[in-house]
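Asks: sharing a sequence plus its predicted fold:
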Amino acid sequence: MQKRIVVYRPLPEDLLAELKRDFHVEDFGHLDDLDDPAFRAALSEAHGLLGAGQKITAEILDAAPQLETISSVSVGVDAYPVEELTRRDIQLCHTPDVLTETTADTGFLLIMATARRAMELADLIRRGDWQASIGEAHYGSDVHGKTLGMVGMGRIGAAIARRGALGFGMRILYSNASPKPALEEELGARRRELDELLAEADFVCVTVPLSAETERLIGQRELGLMRDSAILINIARGKVVDETALIEALNAGRIRAAGLDVFEREPLPADSPLSHMANVVALPHIGSATHETRHAMARRAVDNLRLALSGERPISPFNDPARLPA
Ligand code: NAP
């Protein structure tokens, strides 16, 4: 009997065709509503689920009694009830590594764009308002030689820090659950308590995963510790930063600017102040959104799913259910 897979995020044609050779696939393309009756019906017989972005709850798992594996097309797994999946012996897979460099590029894009006020000044031209040479009121700040404070020094954090240290001669500070001696050696990075890092850094760049521990890690108090010339970059998840406190700090000039790829609510509501503040560069969650990287992520998700459903060890398992081969 062919195993049944439900796909709820668009997959490249070649990978979808590949999956269909070995499995019975029900493809929902881009599904916004996981209460969709056809999706629920498919779920009731599914052995594998492939998608990303949508919150998967215990109630959804109850509707999928045969489910063996969820393959997420993302590295972040905050949308999944990980302990519940493990308890139910369901394998969760994700896509680390293949998106690290592209997401780090996006992080650095935000560092450059906020520091040099690129969007705001490009808008001058778009509006036909460039009438004289740019003066002090429109100057930005240097990036090279400044202090980059990484909140989180995992794969993406290290890749951003590497760009900063090796490409821009930046001094690297980091706060992270565990020390990273190899990166200290390679980049001259120094570990700090979060409060110390916030007080010292010119750029504070958030790359920790969203969890109960990191939700609102950067709130009013933490923003208050930052220099008034400092810039906050969030390339991780919106909820790691208290957005209301961030808007207040930006409006009051307690920090200079913010570069954001992620938001508490996505898509960012059009009436959010963040969508039109001059000192904010807001991107629509495009960290990994290049042709090459999105295909590589989909490739990894498909490979993970095929391996797990065939009883083999996937390339990138996230949890460790009992039946996983060693
Ligand atoms: P990773 O390699 O697991 O790195 C996460 C780092 O955060 C690890 O070094 C970890 O410490 C540290 N950490 C975890 N919890 C912490 C805590 N409570 N306090 C301090 N440090 C903590 O993950 P990654 O591949 O770099 O990805 C990071 C996150 O980026 C993902 O979870 C995802 O949410 C986000 N992301 C966003 C985009 C986008 O499109 N904007 C794209 C990809 C990923 P240890 O090393 O000690 O475990």
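Replies: Everything's here; your move.
Asks: so which residues on this structure come close to the ligand?
Replies: 75-76, 96, 99-100, 103, 152-157, 176-178, 207-210, 213-214, 235-237, 261-262, 285, 287-288 (Cβ under 6 Å from any ligand atom). C-beta here means a position set from N, CA and C on the backbone, and glycine is covered the same way.
Asks: secondary structure class of the closest residue to Leu305 other than its chain neighbours, three-state.
Replies: Nearest non-adjacent residue to Leu305, counting by Cβ to Cβ, 6 or more residues apart in numbering: Ser71, 3.9 Å away. Three-state assignment for Ser71 (DSSP: H, G, I helix; E, B strand; the rest coil): strand.
Asks: what residues are bridge-paired with Ser71?
Replies: Beta-bridge partners for Ser71, by DSSP bridges, are Leu50, Cys93.
Asks: my guess is it contacts Asn304, does it?
Replies: Yes: assessed by Cβ atoms under 8 Å, Ser71 is found in contact with Asn304 at 4.8 Å.
Asks: okay, and the common contacts of these two?
Replies: Cys93, Pro314 (Cβ atoms under 8 Å, 6 or more residues apart in numbering).
Asks: and the longest helix seen in the chain, what does it pack onto?
Replies: As assigned by DSSP state H, the longest helix anywhere in the chain is helix 291-309. If you count contacts as 3 or more Cβ pairs under 8 Å, 6 or more residues apart in numbering; DSSP states H and E, helix 291-309 packs onto helix 13-22, strand 48-51, strand 69-72, strand 91-93.
Asks: can you put those in a markdown table and add mean pLDDT and distance to Glu136?
Replies: Formatted as a markdown table, the helices and strands packed on helix 291-309 follow (pLDDT from 0 to 100; distance: least, Cβ to Cβ, whole Å):
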| stretch | mean pLDDT | distance to Glu136 |
| --- | --- | --- |
| helix 13-22 | 96 | 52 |
| strand 48-51 | 98 | 49 |
| strand 69-72 | 98 | 48 |
| strand 91-93 | 98 | 52 |
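Asks: out of those, which is the most enclosed?
Replies: strand 69-72 (a mean of 27; mean count of other Cβ atoms under 10 Å).
Asks: tell me the helix or strand right after that strand.
Replies: helix 82-87 (DSSP states H and E).
Asks: quick one: contacts of that following helix?
Replies: In contact with helix 82-87 (Cβ under 8 Å, 6+ apart) are residues Ala58, Leu61, Ile70, Gln91, Leu92, Phe318, Asn319, Asp320, Pro321.
Asks: ok, the fourth one touching Ser72?
Replies: No: using Cβ under 8 Å as the test, Gln91 is too far from Ser72 to be in contact (11.0 Å).
Asks: what's the overlap in contacts for the two?
Replies: With Cβ under 8 Å, 6+ apart, Gln91 and Ser72 have no common neighbours.
Asks: before we move on, back to that, taking helix 13-22 as reference, get the angle to the longest helix of the chain.
Replies: 10 degrees (axes from the mean of the first three to the mean of the last three Cα atoms, to 10 degrees).
Asks: when you give positions from now on, start the count at 658
Replies: New numbering, starting at 658: the last item is helix 948-966.
Asks: pLDDT of helix 948-966, averaged?
Replies: Here helix 948-966 scores 98 as its mean pLDDT.
Asks: need the contact partners of that helix.
Replies: With Cβ under 8 Å, 6+ apart, helix 948-966 has contacts from 660, 662, 668-669, 672, 675-676, 679-680, 704-705, 707, 725-726, 728-731, 748, 750-752, 755-756, 759, 945, 970-974.
Asks: over to stretch 860-874?
Replies: Under Cβ under 8 Å, 6+ apart, the answer for stretch 860-874 is 733-735, 764, 768, 772, 800, 803-811, 813-814, 817, 821, 833, 851, 854-855, 875, 883, 887-894, 896-899.
Asks: from those, which land in strands?
Replies: Thr804, Leu805, Gly806, Met807, Val808, Ile888, Leu889, Ile890, Asn891 (DSSP state E).
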